[in-house]
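Asker: Could you look at this predicted model? Sequence included:
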Protein chains: 2
Amino acid sequence: MTPRRLGIVLLLAGMLAGQVTEMPLFRQDARILFQGDSITDGNRGRTADPNHILGHGYAFLIAAKYGAALPERNLTFLNRGVSGNTVENLAGRWQPDTLDLKPDILSILIGINDLGRGVSAEEFGARYDQLLAETVKALPEVRLVLGEPFGLPGGKYTGEAWEVRRAELRKRQAIVAKLAVKYHAALVHYQKVFDEAAQRAPAAYWIWDSVHPTYSGHQLMAEEWIRTVTGLR
Amino acid sequence: MTPRRLGIVLLLAGMLAGQVTEMPLFRQDARILFQGDSITDGNRGRTADPNHILGHGYAFLIAAKYGAALPERNLTFLNRGVSGNTVENLAGRWQPDTLDLKPDILSILIGINDLGRGVSAEEFGARYDQLLAETVKALPEVRLVLGEPFGLPGGKYTGEAWEVRRAELRKRQAIVAKLAVKYHAALVHYQKVFDEAAQRAPAAYWIWDSVHPTYSGHQLMAEEWIRTVTGLR
């Protein structure tokens, strides 16, 4: 290969690498929808014009950051989380609350209430799989972001009760990881982030009742979501 | 002066300069309290353990950022904003909601509801002055952060109605600036931030109804609050 040819190859490789590592997700007029349970809900707006109130959680932190930084991009962030929801609850309101909103990016965090109500890991996985199949059929261009359900010891779940719960959580995390591969979704490793944070401050500093993050915990979620999503191709 | 002496003088000057420009406010175990009206309230928690829910506004954004970044510092962020409050409303609940909480940093954003209810600028200033005098008497070590009341055209306030309102807002902004000087408080120039932002995107992108910021607007507030407060000595 001549030096000139080598130069061209290296230039093309560099351009390709640049494309791979940039953040192409927040394109002009993109619509980013957050779906889930109470962790996502965070008392979001429910009035006729709910879109400017995104609740007291990670969805708001992400929206505020990029909404302020990129006003020319005309991004729209939406939150349709509902406290207490399971996968089945999501399915029941999926058409008006997700498909009709035509998101470009759809972020889902679900599973902790399925666990709490005794839905087995297998049943949870089967229902979630069905919901995602329906989603990509209706929205073939959507980019999916799946958050793994997570927790830390606290509240009712300490000692043996936490060990049991952690084992059940791990099953759900493995299921969500498999679904992320199947549907080419980004997978946000919230559990890893909270496990590491619990080395720096007590669990209750990050998650006050084993389930719901504090303001500091929501910031960790937002940062991990951003790290994951901006690393996507 | 010998080179050695000069070196020592320069070293001491450098250390002093470093001390002046660092952020000494968020010291170990610091308690940071946000007070105000609906812009601060943002549907904050009101249950027995309300401290982990800071609402959907600038207070939450600031708390989340520093809570996650500095867990070893053991900071406590508190929000006691109440929708619809005037200065007189603050005074009525000041003992339990502010003085008893013994904040190290007290951030106040108030005035838009006084304006809306026809409290004159002079009366607003006199009542606010009295509240601050009471505050520094009870909490002589507190660091005060005063936010100027602000707005952008929108909702009921467009055209001539906005011009009238803007003139009234400017009077209140001047009063809060004077009180900041009198009480050695940091002054957060929210109006300037929103005026500049309105050059980049329509007013409603930042403040949807002339009064209440959107998620993007709250991020601008948080950033300006941080810029102001970290610049303090």
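Answerer: Arrived safely, thanks for sending. Numbers count the residues shown, from 1 in each chain, chains lettered A, B, ... in the order given.
Asker: Nearest residue to the middle of chain A?
Answerer: A:Gly147 (3.8 Å; C-alpha atoms, centre = their mean).
Asker: From B:Leu139, how far off is the closest residue to that residue other than its chain neighbours?
Answerer: Excluding its sequence neighbours, the residue lying closest to A:Gly147 (C-beta to C-beta, 6 or more residues apart in numbering or on different chains) is A:Leu109, at 3.7 Å. For glycine as for every other residue, the C-beta is placed from the backbone atoms N, C-alpha and C. Distance of A:Leu109 to B:Leu139, computed by C-beta to C-beta, to the nearest Å: 41 Å.
Asker: got it, and A:Ala63?
Answerer: On the measure of C-beta to C-beta, A:Ala63 and B:Leu139 end up 35 Å apart.
Asker: ok, back up a step: next, the residue nearest to A:Gly147: phi, psi?
Answerer: phi -130, psi 110 (degrees, to the nearest 10).
Asker: Equivalent analysis for A:Ile105, please.
Answerer: phi -120, psi 130.
Asker: What score does it have for pLDDT?
Answerer: The predicted local distance difference test score for A:Ile105 is 97.
Asker: buried set for the helix or strand encompassing A:Ile175?
Answerer: Taking DSSP states H and E as the definition, one finds A:Ile175 inside helix A:159-182. By neighbour count on 16 or more other C-beta atoms under 10 Å in any protein chain shown, the buried set for helix A:159-182 is A:162, A:165, A:168-169, A:171-173, A:175-176, A:179-180.
Asker: Chain B contacts on chain A?
Answerer: Counting by C-beta under 8 Å from any C-beta of the partner chain, chain A comes close to chain B at A:42-44, A:49, A:52-56, A:60-61, A:63-65, A:67-69, A:71-72, A:74, A:77, A:197, A:200-201, A:205, A:208, A:212, A:214-220, A:222-223.
Asker: PyMOL command to pick out the buried ones of those?
Answerer: Burial among these is assessed by 16+ other C-beta under 10 Å; the matching PyMOL selection reads:
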select buried, chain A and resi 42+43+44+52+53+54+55+56+60+61+63+64+65+67+68+71+77+197+201+205+208+212+214+215+216+217+218+219+220+222+223
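Asker: among the residues of chain A next to chain B, which are in strands?
Answerer: A:Phe77 (DSSP state E).
Asker: What mean pLDDT does stretch A:109-126 get?
Answerer: 97.
Asker: What are the buried residues along that stretch?
Answerer: A:109-115, A:119, A:121, A:124-125.
Asker: closest to A:Val229 among those?
Answerer: Lowest distance from A:Val229 to those (C-beta to C-beta) belongs to A:Leu109, with 13.1 Å.
Asker: residue contacts, that closest one?
Answerer: Taking C-beta atoms under 8 Å, 6 or more residues apart in numbering or on different chains as the criterion, A:Leu109 is in contact with A:34-37, A:39-40, A:81, A:146-147, A:149, A:188, A:190.
Asker: and if we set it to 7 Å?
Answerer: A:36, A:39-40, A:147 (C-beta atoms under 7 Å, 6 or more residues apart in numbering or on different chains).
Asker: hmm, back to that, what's in contact with the helix holding A:Ile175?
Answerer: A:111, A:115, A:121, A:124-125, A:128-129, A:132, A:146, A:148-151, A:153, A:157, A:187, A:191.
Asker: List buried residues within the residues you listed.
Answerer: Of the contacts of helix A:159-182, these count as buried by 16+ other C-beta under 10 Å: A:111, A:115, A:121, A:124-125, A:128-129, A:132, A:146, A:148-151, A:153, A:157, A:187, A:191.
Asker: Helices - which of these land there?
Answerer: Among these, the residues falling in helices (DSSP state H) are A:115, A:121, A:124-125, A:128-129, A:132, A:191.
Asker: How much space separates the nearest residue to A:Arg93 once chain neighbours are set aside from B:Arg44?
Answerer: Leaving aside its sequence neighbours, A:Arg93 sits nearest to A:Val82 (C-beta to C-beta, 6+ apart; 7.4 Å). Going from A:Val82 to B:Arg44 by C-beta to C-beta gives 20 Å.
Asker: For stretch A:202-220, measure first residue to last.
Answerer: 15 Å (C-alpha to C-alpha, to the nearest Å).
Asker: So, low pLDDT: which residues of chain A?
Answerer: Applying pLDDT under 70 to chain A flags residues A:1-25, A:232-233.
Asker: gap between the residue nearest to A:Arg93 and chain B?
Answerer: Using C-beta to the nearest C-beta, to the nearest Å, we find A:Val82 at a distance of 16 Å from chain B.
Asker: wait, doesn't that residue sit right on A:Asp41?
Answerer: Yes. Taking C-beta atoms under 7 Å as the definition, A:Val82 is a contact partner of A:Asp41 at 5.7 Å.
Asker: Between those two, point out the one with more neighbours.
Answerer: A:Asp41 (22 against 18; other C-beta atoms under 10 Å in any protein chain shown).
Asker: neighbours around the nearest residue to that one once chain neighbours are set aside, how many?
Answerer: Nearest residue to A:Asp41 in three dimensions, chain neighbours excluded: A:Gly81, at 3.7 Å (C-beta to C-beta, 6+ apart). For A:Gly81, the count of nearby residues is 27 (other C-beta under 10 Å).
Asker: What are the neighbouring residues in contact with A:Gly81?
Answerer: A:34-37, A:40-41, A:44.
Asker: right, and the secondary structure at it would be what?
Answerer: At A:Gly81, secondary structure determined by DSSP: H, G, I helix; E, B strand; the rest coil is coil.
Asker: ditto for A:Phe34
Answerer: A:Phe34 - assigned by three-state DSSP - is strand.
Asker: show me the contacts for it.
Answerer: A:40, A:59, A:78-79, A:81, A:107.
Asker: returning to what we had before: only alpha carbons, please: show the helix holding A:Ile175 as PDB.
Answerer: Provided in PDB are the C-alpha atoms of helix A:159-182 (Å, rounded to 0.1, in the frame of the first residue of the first chain):
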ATOM      1  CA  GLY A 159     -30.500  -9.200  56.300                       C
ATOM      2  CA  GLU A 160     -32.000 -12.400  55.000                       C
ATOM      3  CA  ALA A 161     -35.000 -10.600  53.500                       C
ATOM      4  CA  TRP A 162     -32.500  -8.500  51.400                       C
ATOM      5  CA  GLU A 163     -30.600 -11.600  50.300                       C
ATOM      6  CA  VAL A 164     -33.800 -13.200  49.100                       C
ATOM      7  CA  ARG A 165     -34.800 -10.100  47.300                       C
ATOM      8  CA  ARG A 166     -31.300  -9.600  45.800                       C
ATOM      9  CA  ALA A 167     -31.400 -13.100  44.300                       C
ATOM     10  CA  GLU A 168     -34.800 -12.300  42.700                       C
ATOM     11  CA  LEU A 169     -33.600  -9.000  41.500                       C
ATOM     12  CA  ARG A 170     -30.600 -10.700  39.800                       C
ATOM     13  CA  LYS A 171     -33.000 -13.000  37.900                       C
ATOM     14  CA  ARG A 172     -34.900  -9.900  36.600                       C
ATOM     15  CA  GLN A 173     -31.700  -8.100  35.700                       C
ATOM     16  CA  ALA A 174     -30.500 -11.100  33.600                       C
ATOM     17  CA  ILE A 175     -33.900 -11.200  31.800                       C
ATOM     18  CA  VAL A 176     -33.700  -7.500  31.000                       C
ATOM     19  CA  ALA A 177     -30.100  -7.900  29.700                       C
ATOM     20  CA  LYS A 178     -31.300 -10.700  27.400                       C
ATOM     21  CA  LEU A 179     -34.200  -8.600  26.100                       C
ATOM     22  CA  ALA A 180     -31.800  -5.700  25.500                       C
ATOM     23  CA  VAL A 181     -29.700  -8.000  23.200                       C
ATOM     24  CA  LYS A 182     -32.800  -9.400  21.500                       C
END
